[in-house]
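# generate coordinates for the sequence data below:
(one chain, ligands or ions: 4)
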Amino acid sequence: MSQCPSAPHAHIDLHTHSNRSDGTLTPADLVQLAAAAGLRVLALTDHDTVAGLDEARREADRLRITLVPGVEISASWRSQAIHVLGLWIDPACGRLRGRLDTQEERRRVRMRKICARLSQLKLPGDDLLAAVEAQPGVPTRAHLAEALRAGGHVSRTDDAFRKYLGKGKEAHFAAEWPGLADVVGWIRDSGGLASLAHPARYALSAGARRQLLADFAAAGGRAIEVVSGGNGAHHVEASAALAVKFGFAGSVGSDFHGPQQIWNPLGRSLKLPDGIVPVWREFGL
Ligand code: AMP
Ligand code: MN
Ligand code: MN
Ligand code: MN
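Ligands and ions are numbered 1, 2, ... in the order given. This next block holds a predicted model:
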């Protein structure tokens, strides 16, 4: 492994959410917080939408921090939901926007199914659906979990996943996400670089995880998120070893969703291990 120069990794965060998906801050407020936290480079990577990028760009230009235009696209691989980060995408690309519109529609269809099932379970599914649809962001299960908590149906959002929304639970519906290779193709087609989000978080055996990475590389994936918010040091080491094995560059990201998640702040130390090529190197950052 070659030694990398000591780039100031702690000032780079390439995975964050605004209220255009399931984050709580507006894109402008997110950028302001990033600047205040001392970040030099920030990627906004909302779930299946680029709707926040114009606002984030304006604020980043004003505050003179570097905004990497991004998106976190939902894909499927062997019936598992996988998240692929598109970094340095062109948010104005019409083909990408059309594909993301389709993703949003899949989300709306799934949300209606979930809420109909909640009604069968004697919960106020119509009200919950209305609460989710009143949000400014593309609908996610995180919005629904929050609506269930706000309505007093669960005491914590985690319980909403544990009781109803998680895999194998009564109100779980798998969205029909496009295949991994298609999603990587969309990102590349819009000029972006595909990075696999939080590779340690998928419920896969070690062998299946290696096959996922092999398939991702074959599809044109270029990086994996070696350091991801909420993942322990053990996962950093394991992900770094996988990056080396498959020749991926390394990315870092908090997966910030809002200041209420006090255990996962923006601007925390996200240091890439020595020997991993930073994904931002070829972009001169
Ligand atoms: P969706 O993309 O609609 O499936 O919604 C999943 C989102 O819910 C994720 O992006 C997380 O931000 C959030 N989330 C929060 N807690 C959980 C949990 N226990 N399991 C899965 N997702 C969770
Ligand atoms: Mn999320
Ligand atoms: Mn994710
Ligand atoms: Mn995310």
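# scan the helices and strands of this protein for the one with the lowest mean pLDDT.
helix 233-246 (a mean of 93; mean pLDDT, DSSP states H and E).
# what is the subsequent helix or strand relative to that one?
Scanning forward in sequence from helix 233-246 by DSSP states H and E, the next helix or strand is strand 249-253.
# quick one, that next one and helix 233-246 angle?
In terms of direction (axes from the mean of the first three to the mean of the last three C-alpha atoms, to 10 degrees), strand 249-253 departs from helix 233-246 by 150 degrees.
# ok, back up a step: CA atoms of the least confident helix or strand of the chain as PDB?
Provided in PDB are the C-alpha atoms of helix 233-246 (Å, rounded to 0.1, in the frame of the first residue of the first chain):
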ATOM      1  CA  ALA A 233     -13.500   1.700  13.800                       C
ATOM      2  CA  HIS A 234     -13.800  -2.000  13.200                       C
ATOM      3  CA  HIS A 235     -15.900  -1.200  10.100                       C
ATOM      4  CA  VAL A 236     -13.400   1.400   8.900                       C
ATOM      5  CA  GLU A 237     -10.600  -1.300   8.900                       C
ATOM      6  CA  ALA A 238     -12.800  -3.900   7.200                       C
ATOM      7  CA  SER A 239     -14.000  -1.400   4.500                       C
ATOM      8  CA  ALA A 240     -10.500  -0.100   4.000                       C
ATOM      9  CA  ALA A 241      -9.300  -3.700   3.300                       C
ATOM     10  CA  LEU A 242     -12.100  -4.100   0.800                       C
ATOM     11  CA  ALA A 243     -11.200  -0.900  -0.900                       C
ATOM     12  CA  VAL A 244      -7.600  -2.100  -1.300                       C
ATOM     13  CA  LYS A 245      -8.700  -5.500  -2.500                       C
ATOM     14  CA  PHE A 246     -11.000  -4.200  -5.200                       C
END
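# what's it in contact with?
1, 199-200, 209-210, 213-214, 217, 223-228, 231, 248-250, 273, 275-276 (C-beta atoms under 8 Å, 6 or more residues apart in numbering). All C-beta spots, glycine's among them, are computed from the backbone N, C-alpha and C.
# any of those residues buried? List them.
Taking 16 or more other C-beta atoms under 10 Å as the criterion, what is buried in the contacts of helix 233-246 is 199-200, 209, 213, 217, 223-228, 231, 248-250, 273, 276.
# residues touching Ile276, list them.
So Ile276 contacts 4, 226, 240, 243-244, 249-250 (C-beta under 8 Å, 6+ apart).
# what sits closest to Leu30 if chain neighbours are left out?
Distances taken as C-beta to C-beta, 6 or more residues apart in numbering place Ser18 nearest to Leu30, at 5.0 Å, with adjacent residues excluded.
# what's the distance between the one you found and Arg57?
12 Å (C-beta to C-beta, to the nearest Å).
# more neighbours: which of these two?
Ser18 (29 against 16; other C-beta atoms under 10 Å).
# so is the more buried one in a helix, a strand, or just coil?
Following DSSP: H, G, I helix; E, B strand; the rest coil, we place Ser18 in the coil state.
# so where's the chain uncertain?
Residues of the chain meeting the criterion pLDDT under 70: 1-10, 269.
# sweet, I'm off.
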